[in-house]
Every structure is written in C-alpha cells, then in structure tokens.
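**Student:** I need the structure of the sequence given here:
(4 chains)
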Protein chains: 4
Amino acid sequence: MTDAAPLSGVVPPVCTPLTPDREVDTASLTRLVDHLLDGGVNGLFVLGSSSEAAFLPDRHRRTVLDTVLGHVAGRVPVLAGVIDMTAPRVVDHVRAAVRAGADGIVATAPFYTRTHPSEIAVHFRTIAAHADVPLYAYDLPVSVHSKLTADLLLDLAAEGVLGGLKDSSGDEAGLREVILGRRDRDLPAFSVLTGSELTVDSALWMGADGVVPGLGNVDPHGYVRLYQAAARGDWETARAEQERLFRLFRLVHVGGPHMGRGSSALGAFKAALFLRGVIDHPTTALPQIPLDDDDISQVRKYLSEAALI
Amino acid sequence: MTDAAPLSGVVPPVCTPLTPDREVDTASLTRLVDHLLDGGVNGLFVLGSSSEAAFLPDRHRRTVLDTVLGHVAGRVPVLAGVIDMTAPRVVDHVRAAVRAGADGIVATAPFYTRTHPSEIAVHFRTIAAHADVPLYAYDLPVSVHSKLTADLLLDLAAEGVLGGLKDSSGDEAGLREVILGRRDRDLPAFSVLTGSELTVDSALWMGADGVVPGLGNVDPHGYVRLYQAAARGDWETARAEQERLFRLFRLVHVGGPHMGRGSSALGAFKAALFLRGVIDHPTTALPQIPLDDDDISQVRKYLSEAALI
Amino acid sequence: MTDAAPLSGVVPPVCTPLTPDREVDTASLTRLVDHLLDGGVNGLFVLGSSSEAAFLPDRHRRTVLDTVLGHVAGRVPVLAGVIDMTAPRVVDHVRAAVRAGADGIVATAPFYTRTHPSEIAVHFRTIAAHADVPLYAYDLPVSVHSKLTADLLLDLAAEGVLGGLKDSSGDEAGLREVILGRRDRDLPAFSVLTGSELTVDSALWMGADGVVPGLGNVDPHGYVRLYQAAARGDWETARAEQERLFRLFRLVHVGGPHMGRGSSALGAFKAALFLRGVIDHPTTALPQIPLDDDDISQVRKYLSEAALI
Amino acid sequence: MTDAAPLSGVVPPVCTPLTPDREVDTASLTRLVDHLLDGGVNGLFVLGSSSEAAFLPDRHRRTVLDTVLGHVAGRVPVLAGVIDMTAPRVVDHVRAAVRAGADGIVATAPFYTRTHPSEIAVHFRTIAAHADVPLYAYDLPVSVHSKLTADLLLDLAAEGVLGGLKDSSGDEAGLREVILGRRDRDLPAFSVLTGSELTVDSALWMGADGVVPGLGNVDPHGYVRLYQAAARGDWETARAEQERLFRLFRLVHVGGPHMGRGSSALGAFKAALFLRGVIDHPTTALPQIPLDDDDISQVRKYLSEAALI
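**Tutor:** I've put the predicted structure just below:
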C-alpha cells in the first residue's frame, strides 16, 4: 500500500466466458476485455463472484489470469480475486495471481468455518504477508456469512495490511462509516469501492472512489458515463444514468424461482453478452441451471429496451 | 454404490496434526491413526471439518491422503473429504483422493454461492460421475448454509449417485426421515452416519448405521464401546457411555468467546491428543486463535476427570 | 416451584377451533378437550403456538382460558401460554391466566426486539414475580430467533424462577445438556418437556419428563401409548409407535409451497380434527391461507392410512 | 389513501419517557413533543420500535396515544404504530389508534409466526379494512425476519390497501426499487419514508419523501435542516448535516456488548434527552439493561461534541 491516490472509477468484475464443454473460452474473454476497455473502464477485477470464481478449478483460474493480464498488458490495473476458505488456501491463489502480474488481490473473510473478528484480522495479515501488491478486502456477507466492520477494516488499513475495500454488503450506512472513518483517521490511500451496482450515484456522493458493477459487463459505457458525470459534479446526469441501469438490472431475475439467484444473474449477464455479440456462448459453469429460451428472450427484451442491441 | 451392507460403526474424522511451523506432522498423524485403530474404530474419515480441511492447502491434503492411506493399508475403509465450493473444484479433489486410494469420498452441497435444490442435485451427480467409489453427502448447514432434505438424498440414492450420508445438521427429525425413508423406499445399502457426537445412542436407536465423532479422536475407545453396546442391544450401557462422553465434550468450550467456536473445539481436541501423548504439537492452522495455557490446563482437567490421562 | 415431582407425560398444545367467521368455537373446543382427556393425556397446554396464540386477540385468549379451565375442572393440570414480545406485555397475559386458574404458565424469550442473555434473565424474573404458579420457559428459536442455553435455564431454575422447560428448538444435544445439567446440579423438580413430536422416544430415553406434541391433537391415544410404553421400559413398542406417528406427521406438508409452513401444519391438524368429527370447522385464523379441497383430501388419506377414520 | 401529496419531511419516532417505576411519564412526553415541534418536524410517529412499543402494555399504549394526540391537536399529522404479531391482534390496536385520532397507522408484516407473501398481503388487507386512515407498511427485517418486496408493496398500493412505506430494512437498492416502481406505475400518493437515519441525504436524492429518524428525538433541528437543504436542492449542506448526525449517532454503541443493541440505542437516546433537559428520567422499559454512569458520561461527551449541551 503506497501513499498514491486510491484506485478509483469503474472496475467491472469480468465474467468468465466458457465453451459449451465448459472450458475457458479465451477468445471470448479477450473480446470481453476489449469491450470493457472500449467502454472506458478504469480497471478490471478478474476471478470475483461475477467471474464464477467459485466454479472455476485452479487451472481455469490460471487461464483467466494469463489471458486477461497478457491482453491488458498494463493499460489498466487488474485486480485478481483469490477466493478460498481460509488464509493457507488463499495464499496459493495469491502466489498464482502475483506471478501472473496482478496489480492487486481481493480476498474475503474466512468462510465455511465459523470465524471471529480476531481470526479475520490474522487471516488478512497472513494473506498480505504473501503479496507485494495491495490487498483489497471483499465484504460479501451473502456468500461469506460474516460482515466486515469499519473498525476492523480501518485498523488493518492503518497497519498497512489492507489497501482497500470492495463492499458488496449492501449496507450503505456501514459503507459510509468506512468513508467517514477513512477521513477522520487520515487514511486517504485506502480505496473504497462499492459492489452495489444499483446505488452507485449515492455511494459516490458519500465519498466512495469507484464501483465494481457486475452489470458493467453488459453495459460498461453506461457505468463509465455515470462515474464521469459524478466526477464532474453533474449529479443529475449520474442519477438518470443510474436509474436507467437500475431498470436494465432487472434482467437478473429472468431465471425465476427454478434456479439459484446467482445462476439467474450470471446466466443473464452471459446471455446479454452473447446477444450483444461479445462472447460466443452463454454457457455458465456447473452445477448452475442454465437459462432456457424463454428466459433468454426476456434478456433480449431488456437489452432492446435499453437500446443495447 | 453396491448392494453390500452399508458402512457402519465408528468412523472418526481424523484430526490433522501440524508442526509448529504449520506443516503436516506425518509422524504424529501416523500415531493418531494407530491410536484410533487401537480403539477399534470401523473406518476413518480424513479431510473433513474436524481435520481442518478448510485450512489445508492442496499439498497438505495430498500429504494427509498419502500418509493415512499408506499407513492404514486397507485395514479399515478410509473416506476422504473433498471440501470445496462447487462441483468443478470438488472434482479435482476427487481425482486426488481416488488416486491415493480412498474407499469413499465425502462432499457437501455447494457453498459460497447461493444454491438451489436442483443445483445441489446436479452438483452431486457431477461429482459422482468422476468417482468410482461411493459418494457420501455431508450435511453441515453451519458451514454450508443450506440443508439437504431427505427427499433429495433418497432420490439421489435411488439414482445411484449417493452411497450414504454424514449428517452433521443436528436435525434429528430430519435424520429419522432419512432412516425411515430408506426403509420405505428399500434402499438398504444407503449408509446413514450421524456426525452428532452427543446423541449417538439415540441416532443408533433410530436406525443410523454409525457415527463420525470429532471427539472420537480423543477417546476412540469410548465411542467404540458405545457403538458395540448399542449393536448388541445393551442400550443402558450405550447411554451411560454417551453421557460420559457428553460431559467430556464440554472441553470444546475452553477457548471461550475470544475465538471462533471451531478454533476452540479443534484446539481442545488437539490439546487433548497432545496431553495424551498421541501427537507432538497442539498447533492448529492459521488463522485460528490458539488456546492459551489456561485453556489447556482446563483441557487437562477434563481428561483427568475422564481418566484419560 | 415446589419440590414435588415435575410435570410429566403427554401434554398436548390444544388447538383453538374457530367458527367460519373466526370466533372461538367453544363447543368444538370442549369436545376437543374431551377427545384429549379420553386419549389419556397427562395435562393440557392452551394458548401455545399450535393453539394459534399469535393470531388470537386478547378476548379470544380469555375465552379459551375460561372454556378449557372451566371444562377440565382440575382433572389434569392446564398450562397457559402467555405469548407476547416482552415481560411488560407478557405480565398482562399472566394475570389473565392466573385469574382463570391456570396451573402453570409458559413464556418465550423476548422477541421482535433484539435481546441478550442478561435481558432474557430479567424478562423471566419479571414474569415469575407476577405468577404464583410455575413458569415454564418455551424455547422456540424458529419464532423467537434466539436460543435458550442450558446454563441460563438451570441458573434460573436454581433461583426458583423457572419450574420447567418446553423445548421446541429441535436441538437434541441442547436438550440433553439440560437433562444432564439438571441431574448434576440436583434440580429434580425442574420439568423438561420436549416439543419435538418426532423424536419423543429418544427424548424420553435421554431423560425428558414428557412431550408437548402438536400432532397429539390428532392422535392423543398414540402419544399416550408411546409415553406409557417408554415409562414401563418397553422401548421397542415406544419406537414403533413413534415411527407410526412420524409417518402420520407428514400430513403437515399438504399445503405445499403456496402458504406458510405454519398455515399448512395448523390447517392439517384442524382438517384432521374436523374429518375425525371432533371439531365442527377446519377454519384457521387470518391471515393464514386455508387448505383447499385437494389438500384436505390428502389429510383424509393420511388419517385413513393411520386407521384414524 | 387519497390523491393528495404523500406524507413527507421529518417524522421522528417519538420516544416514550418513563418514570423510575416504569409508568408513562406524560409530562416528559409532552415536553418531548414540544421539543420535536420546536425543531420543525413535519409529523410524529408514536408507538414505533424507537418508542419501545414492544415493551408497552396496552394501557401504556393508550396513554401515549391520548397524551400525544391531545397535545398535538392537529398541528402535524401523527402516525401510530400498531405493532403486534398478526392481523387479528393488530386490529385491536388499530381500533384504539383510530379512536384516539391518529392520522395514519403503521404495521409490520406478521412476526413470531412463519409467514408467506400471500399471507402478508392478507394481513395488510385485513388491517386496512379496519382503518379509515392511511396504512403504512413498516419494513423492519431485523425484528420481523421477513422482507417486504417492492412488488408486494406496490401491488397493495395500487389496490388502495397501503398509503405508504416506512423502510427500515437498510436495503437501499430495495428502497430505490419502490421509488422507481412508484413512478413507473404512477402511484404518486404512495409515501416513501426511510427509517435509515444515516443515509437520509441519499434516500432523498433517490426520491424518498421523508425520514423517520430515531436520532431525531435527540436532534430534531438537525434532521429538519438536512431535509430542508435537500428540498431546496442544496445537497452539499444536506450531506454535511448528515455527516454531522452520522457522527452523533455513534452514541448508540455506548452500552457495549453487555446488553442488547436495542437497549444501548434506546438507552442512549433517552440519556441524551435527559441530559438535554427534555425528559425527567432516562429510564428504559424492562427487561432492557440500563446504561450505567460511564455509559451516560459517554453520551454526554457525544452531545457536547455536537454542541447539543
């Protein structure tokens, strides 16, 4: 963690395109990266939840790292998720990410095991000791079943353990506590990114540095317009853009109650990328239930209403 | 899954001894296996939750497999946990376990991702397709945050996907539904093992085939006496033994509120094994908080009261 | 709380029959009490969860108390639920129950409000101070969203605050901790009743004094046979009876996913009582969704298979 | 529900001052109302969670209604909470509130019982049928353990059942869905109030009509300044005011881990009102643990830093 300005702007979590036999589709992945860079994004986040990292075996994770880092070649910073249960397993992913050239790593609290704030601190310290790039904490209670507190995060930032936060908790008061605490404790280099893609204007308004929007795969240009409007103080435009994206986001529900909510959302993102011609197959990883033709035609309708196809 | 009798008896989840620098202590692990076999256990379960599988990187998992399977050399069946988030990652662990010679594999439902019963079924089918040994479902809602239903389990048993269940849900009515359903649907080879080490007599009374007791590391002889008493219909003796083990189990709380509940329990098991001279170090994996000297002397007191030291 | 023997045996939670316009149907309620007494039950519990207490305005609660206590006239002890959010509101229900002549009162931990063990203790002390009959703690995490620990319960028993426990938590290890703790701390008058109607044989085996079975409305004779078999040490008969009742219990699922689980269970109990000719209407309280004709014919099938109609 | 403009502005949930022997302190309550009206609030909400409604027996609830409605005498609208488990019990509270002259009533989804969206709809319809004033849905998952969806709320608004929402769920994306849905479905009279007192500027920015801030008891002038700045489009001032109030809000934690979080927050609000000279006693209702002297001096410090004493 340096004294430089924190990472900011739009940093989409990059979907992982798969072939029909569920290998990483590197050609599609490269086109997806181009699509995002063309949208003007400020960075990329690979191997996060929207990348189906939970479904990717280690060799797929390595393919993703090599493909994206090779193709981006330093044009924007690339953060790499190192999602695993606890520090000793996470560290192996850290080594792979650092070796591949990632500019930062993103780790959750321990999961599967019942944890404790003291153990979360040891966990992040252990991870940071194995990385020479900034470590971002990934707050995702829906997956991890614990919540990172502002105090814990800022203590670890002050220690030099954490370089930033990706907050996907949906707890906007908690996000604000981190933002105000960062100011009160004079930790300006600690980067605060929201993962709540439906309240980006208000997160930026509160002082967040940027956003990691899953929907940014589908419409990176929209999120970049939103961010840039906010950055220049044109909040009305930012809000209008956010409201448009809010309505587009409803496509995540097309799968209905017959599959997991994640399957529906990731299936919809990939179907949208397929329909937009960015990726070659809308395939999602096993054991997710795929969208059916009706679901996909609903996705098409959302894209059409948003003038994205 | 064959038509043979289901796996039964006492199948302890084998703790994973670590050296002070947190490598697998294979000498201690071998002695622990001898201690368990000396106790008369009917099988072993490596790489489960009590084995700290969530904290073991892949190379440690391989060391455990090779050490235990090599040392046991077929004297009792050895089940191997393949704990990971979803089928595509689990399958890699299955390959390693099968290659090492495991007699069965044990997998949870998907975790980290929000799942759905249809997806759980695909998950187990995908795993089973990569194993030529029986697949046991591991029901552990406290870690996995979903509950396996009796209908799902028995449907998958009837399909030939599942060979058994390790039920650590603590839901005794649900366990009974599986046991009665197995009878009603004529699936006698489906093995039902309880992971609830404090109600073994009643689980066996209901018709369970055996138990996977974490505390069985500390006192395998006790669990074997309990099982054998039940097996010969001497339920009074089984209950008395269970009540003795119930009181011994209270050692899991020695760590108190300053650490995760898992850290306290695993720390206590390992401290007890250390105090009994079975393993060389009571070290637990990071980021768990270790027991302190006071905690360990409480463990000693429990062992002394139980005449185990 | 006296030094007398603890309350024991079968103490069903009495359903509250309603007329089609949802007034208390006192004629049906009286017949239901006769049906239960004819079954040989050892006590009655009115105004519990299975009595739809959460749906009964105060005047209905008073009608139930007056009807049942008047009709029973001391033949068996009658416990009264005093379900409300916190002690100051509960105390008003206690006054009504004591005035009506209840032999004991049954209260949960605080709910709606986020509570704390220290506050739960004050809550029970406050309630007990307003009752001159024994106070039973009602452990029902599915409704109350906190769990009563064995330590808290036994401390309050030792203080003279609690006379017993109705444990509907489904946590059989926790139940056993109370039973063993009662023995270890020499609190023999503290009554331990399980509300888990599917594991009664094992709860009695562990040392519980009795059971409060919702399904006991439908088949009180069955639960009395089960209890009496256990009491005379004929555990095989007890288990066979429990397994029969287990299968009958499946009628609670007839309503399926289109209503709350409570609506389905209570609707099924009342439909069964209606089909058996005990009560005049299967009506449940608002806003529960009623069973439809198909659901009711499934209930009929369960009763027929159990030779109850 | 009329076509009039929706209720808007600052509508604090009025604390219920108690005497040391825990009767309603009507003199203090009257002074508190004056303090709030002096602050310029746009309405009052009595008998909500911050009013300790869960702890108030019916006679206390009636005293609060009579005291506040008598004293306000129509100067601002007064909403009344009717917190109880299910519609049949809620309706009794509705009758009392309407009789006392309340301008609107505020009800949660069913709690204690396991509910279902269809049942929540019947619940609100049943309540609305007994009220001739607008019914506001109170979304409070932390107490009620279910979440009201935008679809359900807006369907009930379109039916004429609901006149508005008090959203204390902390789910800002969900709040935005209601706000956008209200616009899309042309339901302008449906009032959307946030109960999240730490993100008021952003809720108003999204289009909420007002706020129900517990902290507004302590500093009504601050919340009125915040609202008025937003109303005139001076968002910078609104944010600065919100950030000041955010820091003041930290006083809710003074009680620490030795009591329920609600006890700490309500204790702190009442201590602050006592220290500011508004109410005569900081007493909270049983079984809440009271703040101790150290806690109260921390409250004093917060007030002093905020120049409120």
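
**Student:** Now find how far off-centre stretch A:43-56 is within its chain.
**Tutor:** Centre-to-centre, stretch A:43-56 and its host chain are 7 Å apart (Cα atoms, centre = their mean, to the nearest Å).

**Student:** Figure out the length between the terminal residues of it.
**Tutor:** Using Cα to Cα, to the nearest Å, the gap from the first to the last residue of stretch A:43-56 comes to 22 Å.

**Student:** is it anywhere near chain B?
**Tutor:** Yes - judged by Cβ under 8 Å from any Cβ of the partner chain, stretch A:43-56 comes into contact with chain B at A:S49, A:A54, A:F55, A:L56. To be clear about C-beta, it is placed using only N, CA and C from the backbone, and glycine gets the same treatment.

**Student:** can you check stretch A:193-212 too?
**Tutor:** No - Stretch A:193-212 lies out of reach of chain B by Cβ under 8 Å from any Cβ, never closer than 15.1 Å.

**Student:** before we move on, the earlier item: filter the residues of stretch A:43-56 next to chain B down to the ones in strands?
**Tutor:** Judged by DSSP state E, strands contain none of the residues of stretch A:43-56 next to chain B.

**Student:** Turn those into TSV, columns for neighbour count, distance to A:D234 and pLDDT.
**Tutor:** Listed next are the residues of stretch A:43-56 next to chain B as TSV, based on neighbours: other Cβ atoms under 10 Å in any protein chain shown; distance: Cβ to Cβ, whole Å; pLDDT from 0 to 100:
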residue	neighbour count	distance to A:D234	pLDDT
A:S49	25	31	96
A:A54	23	38	98
A:F55	25	39	98
A:L56	25	39	98
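
**Student:** Going by distance to B:G39, which of those residues wins?
**Tutor:** Using Cβ to Cβ, A:A54 comes nearest to B:G39 of the residues of stretch A:43-56 next to chain B, at 37.9 Å.

**Student:** Quick check: closest non-adjacent residue to the closest one.
**Tutor:** B:M85 (4.2 Å; Cβ to Cβ, 6 or more residues apart in numbering or on different chains).

**Student:** Contacts only, for that neighbour.
**Tutor:** For B:M85, the contact set (Cβ atoms under 8 Å, 6 or more residues apart in numbering or on different chains) comprises A:A54, A:F55, A:I83, B:P110, B:F111, B:Y112, B:T113.

**Student:** how about it, secondary structure?
**Tutor:** coil (DSSP: H, G, I helix; E, B strand; the rest coil).

**Student:** where's it relative to chain D, distance?
**Tutor:** To chain D, B:M85 is 25 Å away according to Cβ to the nearest Cβ, to the nearest Å.

**Student:** Repeat that for A:D293.
**Tutor:** With Cβ to the nearest Cβ as the criterion, A:D293 and chain D are 25 Å apart.

**Student:** pLDDT wise, what is that residue at?
**Tutor:** On pLDDT, A:D293 comes in at 96.

**Student:** swap in A:A5?
**Tutor:** At A:A5, the pLDDT value in this model is 73.

**Student:** Now do the SS call for it.
**Tutor:** Quick answer, by three-state DSSP: A:A5 is coil.

**Student:** That one is in contact with A:F190, isn't it?
**Tutor:** No - counting by Cβ atoms under 8 Å, A:A5 does not reach A:F190; the two are 11.1 Å apart.

**Student:** Can you pick out the residue with more neighbours from those two?
**Tutor:** Shown here are A:A5 and A:F190; by other Cβ atoms under 10 Å in any protein chain shown, A:F190 has more neighbours (24 against 10).

**Student:** now the closest residue to chain D within the stretch 151-300 of chain A, nearest residue through space, not along the chain?
**Tutor:** Closest residue of the stretch 151-300 of chain A to chain D, Cβ to the nearest Cβ: A:S202 (3.5 Å). Nearest residue to A:S202, sequence neighbours excluded (Cβ to Cβ, 6+ apart): D:S202, at 3.5 Å.

**Student:** Now do stretch A:128-144: distance from first to last residue.
**Tutor:** 19 Å.

**Student:** What residues sit buried inside that stretch?
**Tutor:** Buried positions in stretch A:128-144, judged by neighbour count with 16 or more other Cβ atoms under 10 Å in any protein chain shown: A:128, A:130-131, A:133-140, A:143-144.

**Student:** hey, where'd the helices end up in chain A?
**Tutor:** With DSSP state H as the criterion, chain A has helices at A:26-39, A:58-72, A:87-100, A:117-128, A:141-144, A:150-159, A:172-184, A:200-206, A:220-231, A:235-249, A:261-275, A:293-305.

**Student:** In JSON lines, list the ones you listed along with distance to D:R276.
**Tutor:** Shown next, in JSON lines, are the helices of chain A (distance: least, Cβ to Cβ, whole Å):
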{"stretch": "helix A:26-39", "distance to D:R276": "52"}
{"stretch": "helix A:58-72", "distance to D:R276": "57"}
{"stretch": "helix A:87-100", "distance to D:R276": "48"}
{"stretch": "helix A:117-128", "distance to D:R276": "34"}
{"stretch": "helix A:141-144", "distance to D:R276": "36"}
{"stretch": "helix A:150-159", "distance to D:R276": "28"}
{"stretch": "helix A:172-184", "distance to D:R276": "24"}
{"stretch": "helix A:200-206", "distance to D:R276": "28"}
{"stretch": "helix A:220-231", "distance to D:R276": "38"}
{"stretch": "helix A:235-249", "distance to D:R276": "35"}
{"stretch": "helix A:261-275", "distance to D:R276": "46"}
{"stretch": "helix A:293-305", "distance to D:R276": "52"}
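
**Student:** Quick one: closest of these to D:V178.
**Tutor:** Comparison of the helices of chain A against D:V178 by Cβ to Cβ identifies helix A:235-249 as nearest, at 11.7 Å.

**Student:** At the contact with chain D, which residues of the stretch 201-309 of chain A appear?
**Tutor:** Residues of the stretch 201-309 of chain A lying near chain D (Cβ under 8 Å from any Cβ): A:D201, A:S202, A:W205, A:M206, A:W235, A:R239, A:E243, A:F246, A:R247.

**Student:** filter those to the buried ones?
**Tutor:** A:D201, A:S202, A:W205, A:M206, A:W235, A:R239, A:E243, A:F246.
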